[in-house]
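Chemist: need a structure here:
(2 chains)
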Amino acid sequence: MTHSDPIWQRKDLICIEELTRIEVEAIFEVARSFKHTMERSVKKLPSLRGRTVVNLFMEPSTRTRIAFEIAAKRLSADVISMISNTSSLTKGETLKDTARNIEALRADIIVLRHPASGAPNYLRERVGIPVINAGDGAHAHPTQALLDAFTLLERFGTLEGKRITILGDILFSRVARSNIWCLSKLGAHVTVAGPSTLVPDGFSRLGVTVSHDLRQALEGADAVMLLRIQHERQTSTHFPSLGEYTSMFGLNKERAAWLRPDAIIMHPGPINRGVEIDSELADSNRSVILEQVTNGIAIRMAVLYLCASAAQRGGEMSQPFPV
Amino acid sequence: MSKPTTKTLWIRDGWVIDPANHRDGIGDVYARDGFFVADLDAAERKDAQVVEAKGLVVAPGLVDIHVHLREPGQTHKESIRTGTRAGAAGGYTTLVCMPNTSPVCDNAGTIQLIRDKSARDACVRLYPTGCLTIGMQGERLAPIGSLKNAGVVAVTDDGKCVQSNELMRRAVEYAAMFQLPVMDHCQDASLTQGAVMNEGEWSIRLGLRGWPKAAEDIIVARNVLLAETTGAHIHMQHVSSAQSVDILRRAKSRGVRVTGEASPHHIDLTDERLAGYDTNFKMNPPLRTAKDVAALIEGLKDGTLDCIATDHAPHSATEKDVEFDYAPFGIIGLENALAVVLKVLYHSGHCSLSEVIALMTHKGAEICRLNAGTMSVGAPADCVLLDPDAEWVVDCGRFQSKARNCPWAGETLRGKIASTWVGGKCVFDGESIIESA
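Modeler: Residues are numbered from 1 along each chain as shown, chains lettered A, B, ... in the order given. I've put the predicted structure just below:
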């Protein structure tokens, strides 16, 4: 059984930008209680018993998919994962048709990972069941940003006035965009840093500081969030080589010393050891990379639970959407 | 042939606006046997079809030198029959259709097919264009002389800008021999790989691949230099960038033979409208910023940009109902172009009604050397009666076009077509197409 949350009224989670700070904090509140249950030997809760969650993954992903699968299973939901190369998707079926078939199978939630920006925005207008964005193109990855902020809050208590630097491929990163919105909403000062071709000045219009000077970007920061260099998204002209990237922007021990002494190092994974981050640093006690992974389960449990509750309350579940 | 009968038309008491002839005032318009005449004699007046135009503007039929009618080969999107009906409903009496059909118009046979279909199906005048290069591949010149003989009024690889400067130089030089303008869709393809919207704040916010204005500006500048080198006439299609307007303005001041068009959507809409990932705002070139819109309007006012052209680009609902990245570029424009242009240029106070009508009639016709867009004595009796102030709500369900990919759906616009006349015959009465017997 699900109970209604007084604040969270959305059946979908599409992007952080459209959420209020209070809604973000409502997710954290629920995630905190779910996190406690993860420390027990029996981790399963009955919250979504009898519900079916379909992970519709149209782009390769291992960790996000597994995190959503585990989160749904911990809530006792049945989980099906459809991965693009094992489904009708390769037969040329449209996203709309695939999703409406899933809805007709009386699934209760769709978790969508998609290479095209805006695909979840498109889908939520075409199905009645909840759509949870597990990453769309370079647009948004809301659960990643939520788990990152959750991890930071656990460490610092508040993000008001904290300086957080996101370093790497910002232009093609949905993680960076969602983090910009999420961290800014929570009162942090965000700097985005990296080579000028991957960190265009236009990002300043989102209310963040843009820096191409690594020292300036790291000095005094409370946390640095590294992003994977995404070879698959860049055209060949954005930087000369991985070697040059590492020499100019890779985080090593010498550069990590520019951070505040209590600063933490974050990475959404998968990490390229020796490229954006020095291998030893990734394993050091400043790194919270594995805490992020654990928190990712609590956040996704909270999101699945809250969206399912809101959908049930709205009476929208399994109602076919009019054409 | 049946015995020719004299048919006369008398449009009375309208606000007659014929910019090419500097006419702008209340008066009458006469036609005999499909052509405008200065007057009718008493007997002719007695037998004439009389149209009361009191309270309406009487203008030359609108001319659009940039439409896609999708026939042959893509008639699920549009056809010559439906596309010309969409034109008539929008007040257009002359359309110039682009050659990116299937097969493309790189041979006289396809041009002849379009002319045959047009003779049978079209309800307004339709002129084809031919390809610049074989298969629109940008590698070898199309048989431009044969295309001219087959009836094309311009050559263009619209949608696929010729990337090789050498080939473009030879193409414009060669086409000039036949007095054919070269119309270019100005896009440096290397700068727009995977791009789907204007590069700027909104592409960053939406995570969509950005399309820099420089991709257009570079080709506009190239074309200016090639027109200057060769003396040939190059026409820039759907100019969208402020910098391109500036390049054209300076070229024109040196006397270079370049012209340019602006599309209704590029002067009315900006890139922030993509915020909901609505594919009906996805077009090529993409919607730009308010600064570009202002520059385009200024360019239309000072003559840097010569005319309005819709780039009417129909796609089926199925093709557009997909993720933004996967949707085809293009929107339809014929049936609300006048109202959109009136909104942006006339109701806002930028231009007089006469100036707006000039941009939508004879200015475009002159680029393609068409005998259209005027009410000169002896010209084909193509005209439109319209109420520039009448409000209406854009209802795509009522469109004559097969397509519904219209970004103005649901919007209230001012400026309504009362009737459209081709060769002295009514083809659209403000509600429906009048099918000829």
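
Chemist: tell me the residues of chain A that contact chain B?
Modeler: Within chain A, the residues that sit near chain B (C-beta under 8 Å from any C-beta of the partner chain) are A:17, A:94-96, A:114-119, A:121-122, A:136-140, A:171, A:174, A:177, A:200, A:202-203, A:205-206, A:235. Just so you know, the C-beta spots here come from the backbone N, C-alpha and C atoms, and that holds for glycine as well.

Chemist: give me the subset of those residues lying in helices.
Modeler: Assignment to helices by DSSP state H places the following of those there: A:95, A:96, A:119, A:121, A:122, A:174, A:177.

Chemist: sorry, back to before: buried ones only from the residues of chain A next to chain B, please, as a PyMOL command.
Modeler: When burial is assessed using 16 or more other C-beta atoms under 10 Å in any protein chain shown, the buried subset of these is captured in PyMOL by this command:
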select buried, chain A and resi 17+94+95+96+114+115+116+117+118+119+121+122+136+137+138+139+140+171+174+177+200+202+203+206
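
Chemist: the longest helix seen in chain B - contacts with which helices or strands?
Modeler: Taking DSSP H as the criterion, chain B has its longest helix at helix B:214-230. Judged by 3 or more C-beta pairs under 8 Å, 6 or more residues apart in numbering or on different chains; DSSP states H and E, the packing partners of helix B:214-230 are helix B:165-176, strand B:234-236, helix B:242-253, strand B:258-262.

Chemist: buried ones in the third one?
Modeler: In other words, helix B:242-253. B:242, B:243, B:244, B:245, B:246, B:247, B:248, B:249, B:251, B:252.

Chemist: can you tell me the closest non-neighbouring residue to the closest residue to chain B within the stretch 151-300 of chain A?
Modeler: Closest approach between the stretch 151-300 of chain A and chain B, counting by C-beta to the nearest C-beta: residue A:205, at 4.3 Å. Excluding the flanking residues, the one nearest residue A:205 by C-beta to C-beta, 6 or more residues apart in numbering or on different chains is residue B:201, at 4.3 Å.

Chemist: just flag the most distant two among the ones in helices among the residues of chain A next to chain B.
Modeler: A:96 and A:177 (24.7 Å; C-beta to C-beta).

Chemist: got the residues of the stretch 201-350 of chain B near chain A?
Modeler: B:201, B:203-209, B:276-277, B:321-326.

Chemist: how about those residues, which pair is most distant?
Modeler: Top of the distance list for these (C-beta to C-beta): B:201 and B:321, 27.1 Å.

Chemist: for the helix or strand containing residue A:133, packing partners?
Modeler: Residue A:133 is located in strand A:131-136, with elements delineated by DSSP states H and E. Packing partners of strand A:131-136 (3+ C-beta pairs under 8 Å, 6+ apart): helix A:63-74, strand A:109-114, helix A:119-124, helix A:142-156, helix A:289-313.

Chemist: list the buried residues in the first one.
Modeler: Yep, that's helix A:63-74 we're talking about. Buried residues in helix A:63-74 (16+ other C-beta under 10 Å): A:64, A:65, A:67, A:68, A:69, A:70, A:71, A:72, A:73, A:74.

Chemist: between these, which is nearest residue B:377?
Modeler: residue A:64 (73.0 Å).

Chemist: follow-up on the earlier one: contacts only, for the residue of the stretch 151-300 of chain A closest to chain B.
Modeler: Residues near residue A:205 by C-beta atoms under 8 Å, 6 or more residues apart in numbering or on different chains: B:201, B:204, B:205.

Chemist: now do the last one, the pLDDT please.
Modeler: In other words, residue B:205. Residue B:205 carries a pLDDT value of 97.
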